[in-house]
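> Return a 3D structure for these sequence lines:
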Amino acid sequence: MEDSSTLLRDLAVVLGVASALMLLVQRFRLPIHVGYLLAGILIGPSLPLHLVANEERIQTLSELGVILLLFSIGLEFSIRKLVHQ
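Predicted coordinates for the structure are as follows:
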């Protein structure tokens, strides 16, 4: 039971930090992807904040986040705009 509670806690921290930074970068009129990237840097192992309990789980969540980020960027990509420029 402890493992599932730490998973939910880690996931809540990741989503909370990502949401907060997304709102912050929207105030500066930057793309929300910048907020997601900053959240990854803030939560990741590069900074000594240790916001999450299990670093291996966060590594897996970060890989999933990169996949979703690239997917969302791909959805916004327009070949027509690329060809017409």
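> Packing partners of the longest helix seen in the chain?
Using DSSP state H to define each element, the chain has its longest helix at helix 2-27. If contacts are counted by 3 or more CB pairs under 8 Å, 6 or more residues apart in numbering; DSSP states H and E, helix 2-27 sits against helix 32-43, helix 55-76. C-beta here means a position set from N, CA and C on the backbone, and glycine is covered the same way.
> Keeping just the C-alphas, turn the helix or strand following the longest one into PDB.
Moving toward the C-terminus from helix 55-76, the first helix or strand encountered (DSSP states H and E) is helix 79-84. As requested, C-alpha coordinates have been extracted for helix 79-84 and formatted as PDB (Å, rounded to 0.1, in the frame of the first residue of the first chain):
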ATOM      1  CA  ILE A  79       3.600  20.900 -43.200                       C
ATOM      2  CA  ARG A  80       1.600  23.600 -45.200                       C
ATOM      3  CA  LYS A  81       3.200  26.300 -43.200                       C
ATOM      4  CA  LEU A  82       6.700  24.800 -43.700                       C
ATOM      5  CA  VAL A  83       6.200  24.500 -47.500                       C
ATOM      6  CA  HIS A  84       4.800  28.000 -48.000                       C
END
